[in-house]
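>>> Sharing a model that was predicted from the sequence below.
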Amino acid sequence: MNFRWEWEVFIRDTGGDETYLEWMFSAWGWTLSVAGCAWLVALAFGAVIGTLRTVPSPWLERLAIAWVELFRNIPLLVHLFLWYHVIPALVTPLREVPSFLLVVFALGFFTSARVAEQVRAGIQSLARGQRYAGLALGLTLPQTYRFVLLPMAFRIVLPPLTSEAMNIIKNSSVAFAVSVAELTMFAMQAQEETSRGIEVYLAVTGLYALSAFSVNRAMALVERKVRVPGYVGGER
Amino acid sequence: MGLDLSFFTWDLVKNFLVGGLVFSVELTLIAMAGGIVFGTLLALMRLSGRSWLALPAAAYVNTMRSIPLVMVILWFFLLIPFAIGRPIGAEWSAIITFTAFESAYYSEIMRAGVQSVVRGQVDAAYALVLTYGQTMRLIVLPQAFRNMLPILLTQTIILFQDTSLVYAIGAYDLLKGFETAGKNFNRPVEAYLLAAVVYFVICYTLSTSVKRLQVRIAIIR
C-alpha cells in the first residue's frame, strides 16, 4: 500500500476565501454550540420530567412516562427529521426557524428523556425521610423538591449525567443530516472535495475526542465543587 | 396543511418498505450476534490479567466508545475499500461497521456480567480441576450471559435504532425506505411521521417484552 500523508490539505483554500483548517474550526464551533444549547434544553426538561415521575399525581406521572417512552423508542435521526421536515410543515410559523434551533430542540428533547430517567433514579435513591422531613417542616411540596430533594438528587446523578453530556457531543453528529455545518458535515464535504479522507477524518475524530474529554474534566470539576461533606463521596 | 395518508398502500409497503425493514433487521441481528461473540472475547481479554491482551482490548473498546457512530460509519466506509483493494457496497460496509462498533458496547456488558459471577464459582471450578477454558465456557459465561440478558437485549434495541444512521453512507434501510417513498409520492411529511410511528411500535413492543422477561428470569437470591 503506498499511502503518503498530505497534511497540507488543511492549508488549502476551499474556494470560499478560507482554508480547510478555518472551515474545520468553525465546524467545531457549530458542534460545540449545538451540543451546548441542546444540553441546556436537556437539563431543563430532564429535571422537570424526572421530577414529575416522582410526584404523587398519577396524571403528571403518566405524562412524564409518555414523554420518556416517546423519546426513548424513536431513533434520534427520525426525531431530527420530525423536527426538520414535519413540525415546520404542520406549524407554519416555525418555517422561519433556522435548522440550528430545530436540531437543538430535537437533540435536547431526545437527551432530556435520558436525563429524566437519571434524575428520577436520583430522587428515588434518597431516603423517604428526607421528603417527610421537608413536608413536616411546613415546606410545600415544590419547596421540598427545590430545597431538599433536588439539590441532593442532582449531586447523586452527576456521574451518569457526565456520560450523557459526553453522549450529547457524539450525538450532535447527526446534525449533518439536516445540513448544519458541524464537524461531521465538514468531514463528509471536505473528504469529497479533497479526497484526503484519512487526514480529514483523523482531525475531526481528534476534535470529537478532545471535546468529549474536556466535558468529562469539566463535569469532574463540577462534581468536586458541589460535593457535600460527609455525604455522596464528600469526604474520602 | 392537512395530512393525507391515502398514498400509503400495500404496494408502497411492498415496493419501498419491506426491503428496508429486512435490511435493518438483518443488520441488527448480524451485528448483535457478531457483537456478542467478539464482545465476549474482548471482555475475556480485558479480564485475563495479562497486559498484552488487556491493553489492546481496552484501547479498542475505549476508542470505539469515544467516537460518534456516524464518524465510525464514515471511517469504515473509507478504509475498508482501502484495505481490501476494491470498492464495497454501503450495505456490507454497514454490516462490518456495526459488528465492530457494537462489539465494544457488548464487551462492556459482558465484562460486567463476568464480574457479577461470584468468585467462589471460579474457585469451585478450579478445585474440580476444570481448565480455564472449561471454567469460562461451562461455569462463568452461562451465568454472566443469564445475568446480563435483559441488558444485552436493551442494547440490541438501541442498536436497532442506531441502524438508521447508515443514512450517512446511503444504505437502504427502513428509514431510507420511508424517505424514498415520501419523495416518490411527494408526501415527505406523512412518510417521516409514519417512520416515527413504525419505529416507535417496534421498539416499544420490544422494550416492553424485555421488561417482562427481566421479571421472569430474575433469580431470587
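Perfect, thanks for sending it.

>>> Identify the residues contacting residue 24.
All of this is about chain A. Counting by Cβ atoms under 8 Å, 6 or more residues apart in numbering or on different chains, residue A:24 touches A:10, A:183, A:186, A:190, A:203-204, A:207. (C-beta placed from N, C-alpha, C; glycine too.)

>>> oops, I was thinking of chain B
Residue B:24 sits next to B:160, B:163-164, B:173-175 when contact means Cβ under 8 Å, 6+ apart.

>>> any idea how far the helix or strand hosting it is from the chain center?
Using DSSP states H and E, residue B:24 sits within helix B:18-47. Centroid displacement of helix B:18-47 relative to its chain, using Cα atoms, centre = their mean, to the nearest Å, is 5 Å.

>>> Equivalent analysis for stretch A:83-93, please.
With Cα atoms, centre = their mean as the basis, the mean position of stretch A:83-93 lies at 22 Å from the chain mean.

>>> swap in stretch A:216-230?
Computed by Cα atoms, centre = their mean, the chain-centroid distance of stretch A:216-230 equals 19 Å.

>>> ok, is it in contact with chain B or not?
No - Stretch A:216-230 stays clear of chain B (Cβ under 8 Å from any Cβ of the partner chain), getting no nearer than 9.6 Å.

>>> same for chain B: which of the contacts of residue A:24 are within range?
Among the contacts of residue A:24, proximity to chain B is found for residue A:204 (Cβ under 8 Å from any Cβ).

>>> Could you identify the least confident member of the contacts of residue A:24?
For the contacts of residue A:24, the weakest pLDDT value sits at residue A:10, with 85.

>>> Report pLDDT for the most centrally placed residue in chain B.
Nearest to the mean C-alpha position of chain B, by Cα atoms, centre = their mean, lies residue B:159 at 3.8 Å. In this model, residue B:159 is scored at 96, pLDDT.

>>> Which strand or helix spans it?
Secondary-structure element containing residue B:159, defined by DSSP H and E: helix B:141-162.

>>> tell me which parts of chain B are close to chain A?
Proximity of chain B to chain A (Cβ under 8 Å from any Cβ) is limited to residues B:1, B:66-71, B:74-75, B:78-79, B:82, B:161-162, B:164-165, B:167-168, B:175, B:179, B:188-189, B:192-193, B:195-196, B:199-200, B:203-204, B:207.

>>> Sort out which of those are buried, if you could.
Taking 16 or more other Cβ atoms under 10 Å in any protein chain shown as the criterion, what is buried in those is B:66-71, B:74-75, B:78, B:161-162, B:164-165, B:167-168, B:175, B:179, B:188-189, B:192-193, B:195-196, B:199-200, B:203-204, B:207.

>>> Run through the chain and note the low-pLDDT ranges.
Answering for chain A, as no chain was given. A:1-2, A:230-236 (pLDDT under 70).

>>> oops, I was thinking of chain B
Low-confidence regions of chain B, defined by pLDDT under 70, span residues B:1-2, B:220-221.
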